[in-house]
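In: Kindly return the folded structure for what I paste below:
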Amino acid sequence: MDINIPDVVAEVTAAFQRYEKALIDNDIAVLDELFWQSPQTVRFGVGENLYGYDAIATFRSNRSAANLERVLINTVITTYGRDFATVNTEFKRPPSSDRIGRQSQTWMRTEKGWRVVSAHVSLLIGDG
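Out: Got it, this is the predicted structure:
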């Protein structure tokens, strides 16, 4: 299996950057688009465990749009062949917080493009 084929890394990077912009802008339509529309899609958040696309979309539509800005740190994108990738990153919410958040996503190429099939968001507790 080929790891980090340059054109595939570029595709996933573009999809992830689109996701990140939509997240900060609270563009729910794009966020919903970028998650795989399947009951197998999972998203674990800081305060929620969401099973299936419908639960994730409902969460997004009810989430507050306040304080969504963040700065990414140590983003690692790894592709496995041409159809599978992981994105892991840390983030901070400026300017008031020094807490580190963590996000991991598994992306899969579908007939509609790259989609998140699994995601996890958490906050680092304590001094690490």
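In: those helices in this protein, which residues are they?
Out: Ranges of helices in the chain, per DSSP state H, are 6-25, 28-34, 53-62.
In: which regions of the chain lie under the pLDDT threshold?
Out: 126-128 (pLDDT under 70).
In: who's in contact with Ala119?
Out: 35, 42-44, 103-106 (CB atoms under 8 Å, 6 or more residues apart in numbering). (Glycine included, C-beta is placed from N, CA and C.)
In: ok, what's across the strand from it?
Out: Arg43, Gln105 (DSSP bridges).
In: which one of the helices of the chain lies closest to Pro95?
Out: helix 6-25 (14.7 Å; CB to CB).
In: Return the alpha-carbon coordinates of stretch 31-50 using PDB.
Out: Taking C-alpha atoms only, stretch 31-50 is exported to PDB below (Å, rounded to 0.1, in the frame of the first residue of the first chain):
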ATOM      1  CA  LEU A  31     -20.400  20.300   7.500                       C
ATOM      2  CA  ASP A  32     -23.400  18.000   6.800                       C
ATOM      3  CA  GLU A  33     -22.100  17.400   3.300                       C
ATOM      4  CA  LEU A  34     -18.600  16.400   4.400                       C
ATOM      5  CA  PHE A  35     -19.900  13.700   6.700                       C
ATOM      6  CA  TRP A  36     -20.700  10.300   5.200                       C
ATOM      7  CA  GLN A  37     -24.500   9.900   5.100                       C
ATOM      8  CA  SER A  38     -24.600   6.500   6.800                       C
ATOM      9  CA  PRO A  39     -25.900   5.000  10.000                       C
ATOM     10  CA  GLN A  40     -22.300   3.700  10.400                       C
ATOM     11  CA  THR A  41     -20.800   7.200  10.800                       C
ATOM     12  CA  VAL A  42     -19.800   8.000  14.300                       C
ATOM     13  CA  ARG A  43     -18.700  11.300  16.000                       C
ATOM     14  CA  PHE A  44     -17.600  11.400  19.600                       C
ATOM     15  CA  GLY A  45     -17.500  15.000  21.000                       C
ATOM     16  CA  VAL A  46     -16.500  16.600  24.200                       C
ATOM     17  CA  GLY A  47     -20.000  16.100  25.600                       C
ATOM     18  CA  GLU A  48     -21.700  13.800  23.200                       C
ATOM     19  CA  ASN A  49     -21.600  10.400  21.500                       C
ATOM     20  CA  LEU A  50     -23.300  10.500  18.200                       C
END
